[in-house]
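Enquirer: Let me see the structure of the following:
(one chain, ligands or ions: 3)
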Amino acid sequence: MSSPSSTDRRPLRVALLGCGVVGSQVARMLTEHAADLAARAGAPLELVGVAVRDVSVPREGVDPALLTTDAGPLVDAADIVVEVMGGDEPARGLMLRAIAGGAAVVTANKALLASDGPALYAAADEAGVDIYFEAAVAGAIPIVRPVRESLAGDYVRKVLGIVNGTTNYVLDQMSTTGLGLDEAVAQAQQLGYAEADPTADVGGHDAAAKAAILASLAFHTRVTLDDVACEGITSITADDVAWAAKTGHVVKLLAIAERTPDGVSARVHPALVPADHPLAGVRGAFNAVFVEAEAAGDLMFYGQGAGGAPTASAVLGDVVSAARHRVLGGKGPEESTYAALPVVPASSAITRYQVRLLVVDRPGVLAQVAHLLADQGVSIEAVRQAPSDRPAGVDEPSGLAHLIITTHTATEAALAGTVEAVAALDPVREITSVLRVEGA
Ligand SMILES: NC(=O)c1ccc[n+]([C@@H]2O[C@H](COP(=O)([O-])OP(=O)(O)OC[C@H]3O[C@@H](n4cnc5c(N)ncnc54)[C@H](O)[C@@H]3O)[C@@H](O)[C@H]2O)c1
Ligand SMILES: N[C@@H](CCO)C(=O)O
Ligand code: NA
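Expert: Ligands and ions are numbered 1, 2, ... in the order given. The predicted structure is shown next:
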């Protein structure tokens, strides 16, 4: 007797929570690709309802009869619940309700996963249902599944990610077209990359949520948003971007998850990336995640990390995985926290600094700065001096010069302390900028 074909099987009921940038594309693809999705999943995927705030808003390609403001009963009737409404509540309560009712959950909600993921994972494990979240980190780019499954036999040492499309777009526009921060953010909003509140992008919090998720997966350790030291791009100036180019670097907002001698470090900050590093070539709103693993070596995952259709691609991949388990049995991976490594504070992270100083341009100044760094145990990799166009003052007749010092690696705490000491030196007029260097 032949096995039943995918179309003979009972349809799996899919409930969609949210029909915005991502949800509208999930709805479109579920409808347009129904036959292929049924064949791949092993059963038809039937969109049974779409929860929205306002049913009177027309949604192109979505049957208005499917729209509802009452998400609870929709969730109760579903086999697979797709949460793309974002925010904390009601998303959290609805996902827990779905799990308690035995439905699989697919979510793109990195903010919620990074703060409250453990409660959701525990509920899913207890109920024996799948919770998938590929779209939560770097949109379309397969990175959750590769780290969770493909690299499960290896040891990840470090993850360096450009995981926020909005800020990468902004930094790229600043360096190529001279566009200002606010203007570039407005463009990213129009293109559907930015969060509902773009300060989550610009302030680094969106990337920090993704760093927490990546660190948890890579190091089999529970890392939440509170563990991630976070700096955004608001202090990056046109000068920083221009000096980066002059010293052979590009400014990128990086999410970093790293195995250190004492545990695990997770942080987000702007950094100078050498122009020949693969991450330096990631332009516009594109994302990339660079993974250094013990046996695999260096890997880079690249593609569209934001936008409706790309993010919907990741969501639907997860829907198909969950559907296959419904049809064939089995279950996706559970939360893995067995290593339980200590999460170390950002001050003990090992990094390098590039410090730009404005100094009095007279003999011996460079030696004085170099001496102080040596005293503090920070070794210098490169020094560059350039004249400043700032007019000379009475006490500095020979004028001022820029001094750009790139250090070798040291702890964040040692480097920060050294910068403070340098700032107090007599010939130092100003610390113009301090940026970390990563990827070298
Ligand atoms: N836009 C992207 O590029 C992108 C990429 C990856 C992940 N995400 C994540 O996907 C999720 C959705 O993002 P988006 O850009 O589609 O957002 P959006 O603001 O465009 O859409 C949200 C939708 O959810 C609905 N909604 C919100 N609160 C609701 C409530 N209380 N009841 C009923 N409906 C409600 C809204 O009406 C809207 O239809 C977020 O978690 C976001 O972080 C977005
Ligand atoms: N606002 C996010 C969306 C993807 O998570 C970004 O700009 O990358
Ligand atoms: Na992804």
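Enquirer: When you work out contacts or count neighbours from here on, use the C-alpha atoms and nothing else.
Expert: Will do.
Enquirer: List the contacts of residue 44.
Expert: Residues near residue 44 by C-alpha atoms under 8 Å, 6 or more residues apart in numbering: 6-7, 9-12, 34-35, 37-38.
Enquirer: what about the nearest residue in space to residue 132 that is not next to it in sequence, how many neighbours?
Expert: In this structure, residue 132 finds its nearest non-sequential neighbour in residue 106, 4.8 Å apart by C-alpha to C-alpha, 6 or more residues apart in numbering. Residues lying near residue 106 (other C-alpha atoms under 10 Å) number 28.
Enquirer: Look up the residues forming beta bridges with residue 106.
Expert: residue 82, residue 132 (DSSP bridges).
Enquirer: pretty sure it contacts residue 131?
Expert: Yes - counting by C-alpha atoms under 8 Å, residue 106 does reach residue 131; the two are 5.8 Å apart.
Enquirer: For the stretch 301-440 of the chain, which segments are assigned as helices?
Expert: Remark: helices assigned in the stretch 301-440 of the chain by DSSP state H, counting those that start in this stretch are 308-328, 365-375, 412-423.
Enquirer: export these to JSON lines and tack on mean neighbour count, distance to ligand 1 and mean pLDDT?
Expert: JSON lines is the format used below for the helices of the stretch 301-440 of the chain (neighbours: other C-alpha atoms under 10 Å; distance: least, C-alpha to the nearest ligand atom, whole Å; pLDDT from 0 to 100):
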{"stretch": "helix 308-328", "mean neighbour count": "22", "distance to ligand 1": "5", "mean pLDDT": "97"}
{"stretch": "helix 365-375", "mean neighbour count": "16", "distance to ligand 1": "43", "mean pLDDT": "91"}
{"stretch": "helix 412-423", "mean neighbour count": "17", "distance to ligand 1": "30", "mean pLDDT": "92"}
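Enquirer: Is it possible to get a markdown table of the ones you listed that adds distance to ligand 3?
Expert: Formatted as a markdown table, the helices of the stretch 301-440 of the chain follow (distance: least, C-alpha to the ion, whole Å):
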| stretch | distance to ligand 3 |
| --- | --- |
| helix 308-328 | 6 |
| helix 365-375 | 42 |
| helix 412-423 | 30 |
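Enquirer: As TSV, those helices with distance to residue 73 would be great.
Expert: TSV is the format used below for the helices of the stretch 301-440 of the chain (distance: least, C-alpha to C-alpha, whole Å):
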stretch	distance to residue 73
helix 308-328	20
helix 365-375	65
helix 412-423	51
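Enquirer: Among those helices, which comes closest to residue 124?
Expert: Nearest to residue 124 among the helices of the stretch 301-440 of the chain is helix 308-328; the distance by C-alpha to C-alpha comes to 12.5 Å.
Enquirer: Does the closest one reach ligand 2?
Expert: No - judged by C-alpha under 6 Å from any ligand atom, helix 308-328 stays clear of ligand 2, getting no closer than 7.8 Å.
Enquirer: for that helix, packing partners?
Expert: helix 21-32, helix 34-41, strand 80-83, strand 104-107 (3 or more C-alpha pairs under 8 Å, 6 or more residues apart in numbering; DSSP states H and E).
Enquirer: Quick one: residues in contact with it.
Expert: By C-alpha under 8 Å, 6+ apart, helix 308-328 touches 12, 21-26, 29-30, 37, 40-43, 80, 82, 104, 106-108, 130, 132-135, 139-142, 192, 304-305, 331-332.
Enquirer: Can you tell me which residues in the stretch 251-400 of the chain are near ligand 1?
Expert: 306-308, 311.
Enquirer: how does it look with 5 Å?
Expert: Neighbours of ligand 1 within the stretch 251-400 of the chain, by C-alpha under 5 Å from any ligand atom: 306-307.
Enquirer: can you give me the strands in the stretch 251-400 of the chain?
Expert: 263-274, 286-293, 297-304, 350-360, 380-387, 400-407 (DSSP state E, counting those that start in this stretch).
Enquirer: Out of the contacts of residue 44, which is nearest to residue 240?
Expert: Of the contacts of residue 44, the one sitting nearest to residue 240 (C-alpha to C-alpha) turns out to be residue 37, at 47.6 Å.
Enquirer: what sits against the closest one?
Expert: Applying C-alpha under 8 Å, 6+ apart, the residues contacting residue 37 are 30, 44-45, 320.
Enquirer: try 10 Å
Expert: 6, 29-31, 43-45, 316-317, 319-320, 323 (C-alpha atoms under 10 Å, 6 or more residues apart in numbering).
Enquirer: Serialize the residues you listed to JSON lines and add fields for distance to residue 239.
Expert: Below are the contacts of residue 37 laid out as JSON lines (distance: C-alpha to C-alpha, whole Å):
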{"residue": "6", "distance to residue 239": "59"}
{"residue": "29", "distance to residue 239": "44"}
{"residue": "30", "distance to residue 239": "47"}
{"residue": "31", "distance to residue 239": "49"}
{"residue": "43", "distance to residue 239": "56"}
{"residue": "44", "distance to residue 239": "55"}
{"residue": "45", "distance to residue 239": "52"}
{"residue": "316", "distance to residue 239": "42"}
{"residue": "317", "distance to residue 239": "42"}
{"residue": "319", "distance to residue 239": "45"}
{"residue": "320", "distance to residue 239": "47"}
{"residue": "323", "distance to residue 239": "51"}
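Enquirer: that older thread, surely the residue nearest to residue 132 is in contact with residue 120?
Expert: No - with contact defined as C-alpha atoms under 10 Å, residue 106 does not reach residue 120; the gap is 11.5 Å.
Enquirer: Overlap in contacts, those two.
Expert: With contacts taken as C-alpha under 10 Å, 6+ apart, residue 106 and residue 120 have 95, 131 as neighbours in common.
Enquirer: Let me see the ranges of the strands in the stretch 101-250 of the chain.
Expert: 104-107, 131-132, 156-162, 229-230, 249-260.
Enquirer: Nearest residue to residue 58 in space, please, no chain neighbours.
Expert: residue 64 (7.4 Å).
Enquirer: ok, that neighbour - how many residues close by?
Expert: 15.
Enquirer: cool, and residue 339?
Expert: There are 12 residues near residue 339, going by other C-alpha under 10 Å.
Enquirer: show me what contacts it?
Expert: 216, 219-222, 263.
Enquirer: Generate CSV for the contacts of residue 44, with pLDDT as supplementary columns.
Expert: CSV is the format used below for the contacts of residue 44 (pLDDT from 0 to 100):
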residue, pLDDT
6, 80
7, 76
9, 90
10, 94
11, 97
12, 98
34, 97
35, 97
37, 98
38, 98
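Enquirer: quick revisit: could you say which one of the strands of the stretch 101-250 of the chain comes nearest to residue 124?
Expert: Across these, closest to residue 124 is strand 131-132 (C-alpha to C-alpha), at 6.4 Å.
Enquirer: What are the contacting residues of that closest one?
Expert: 80-82, 95, 99, 103-108, 120-121, 123-125, 144-145, 314-315, 317-319, 321-322, 331-335.
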